[in-house]
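3D, please:
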Amino acid sequence: MASQSAGSVLVIVHTPRGSRNKFKFDPHLNLFRLAKVLPTGMSFPYDFGYLPNTKAADGDPLDVLLLMDAPAFCGCGVESRLIGVLEAKQQENGRSIRNDRLIAVASAARDYGQVRGLKDLNSHLLDEIERFFVTYSEAEGKSFRVLARKGPAAARQIMRAAL
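Below you'll find the predicted structure:
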């Protein structure tokens with residue numbers, strides 16, 4: 001997009017931080033629909049969204065966990081920079097597929113403004129993010145296993161392959 005700065009990506013938020021409700025864009029109706037409700041006591045640790053015009057191995061747009069100071073809203077486009085990826089494998093009904101999670105920082109973020117890569121984040125925070133995705137998948141009867149934590153170059157490579 002012309003309004004974005006070089007190297008930035010536009011993340012579309014579908015689920016705000018702190019929400020138990022997970023939303024998903026329905027292209028047939030051209031709106032966001034409720035996809036599921038997380039169990040009591042569980043909520044999204046950060047805004048969760050996707051990169052438009054991409055297609056991941058699971059057939060959906062690439063997933064992005066977006067670090068920023070306060071939650072956005074469903075459908076909000078946020079100029080962001082990729083800081084890394086959790087390369088992951090998900091198993092469901094005996095079928096195994098890649099289900100990577102890109103991690104980005106909102107370009108306007110103050111609290112995360114200096115973060116350029118996963119190495120700049122506290123390792124406990126990354127452990128908690130991984131644990132969220134494992135627990136989130138288990139609640140749906142799926143397994144989620146992180147294969148590697150990689151930096152911004154790997155995240156951009158995954159994005160280019162999904163365009």
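
ok, now which ones touch the residue nearest to Asp111 when sequence neighbours are not counted?
Of all residues not flanking Asp111 in the chain, Asp69 sits nearest, at 4.9 Å (C-beta to C-beta, 6 or more residues apart in numbering). In this view, the C-beta of every residue, glycine as well, is placed from N, C-alpha and C. Neighbouring residues of Asp69 by C-beta atoms under 8 Å, 6 or more residues apart in numbering: 106, 109-112.

10 Å instead, please
Listed by C-beta atoms under 10 Å, 6 or more residues apart in numbering, the contact set of Asp69 reads 17, 106, 108-113.

same check on Gln114?
Contacts of Gln114 by C-beta under 10 Å, 6+ apart are 105, 120.

let's verify the residue nearest to Asp111: helix, strand, or coil?
coil (DSSP: H, G, I helix; E, B strand; the rest coil).

and it, how close does it get to Leu51?
21 Å (C-beta to C-beta, to the nearest Å).

if we can go back for a sec, of the contacts of Asp69, buried ones?
Listed as buried from those are 17, 106, 109, 112; burial here means 16 or more other C-beta atoms under 10 Å.

closest to Asp60 out of those residues?
Arg17 (20.1 Å; C-beta to C-beta).

surely the closest one is in a strand?
No. The assignment for Arg17, made by three-state DSSP, is coil rather than a strand.

now stretch 6-24: average pLDDT?
Average pLDDT, stretch 6-24: 96.

quote the end-to-end distance of that stretch.
With C-alpha to C-alpha, to the nearest Å applied, stretch 6-24 spans 28 Å between its terminal residues.

buried ones in that stretch?
Buried residues in stretch 6-24 (16+ other C-beta under 10 Å): 8-9, 11-17, 19, 22-23.

how many neighbours does Leu163 have?
9 (other C-beta atoms under 10 Å).

that should have said Pro71, apologies.
16.

OK, contacts around it?
13, 15-19, 44, 46-47.

which one of the residues you listed is nearest to Val146?
Tyr46 (16.4 Å).

so the closest one versus Asp120, what's the distance?
15 Å.

picking that back up, farthest-apart pair in the contacts of Pro71, please.
Counting by C-beta to C-beta, the most remote pair of the contacts of Pro71 is Val13 and Gly18, 12.2 Å apart.

so what sits against both of these two?
46-47, 71.

any chance of those in a markdown table, with distance to Val37 and pLDDT too?
Below are these laid out as a markdown table (distance: C-beta to C-beta, whole Å; pLDDT from 0 to 100):
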| residue | distance to Val37 | pLDDT |
| --- | --- | --- |
| Tyr46 | 18 | 98 |
| Asp47 | 17 | 98 |
| Pro71 | 17 | 98 |
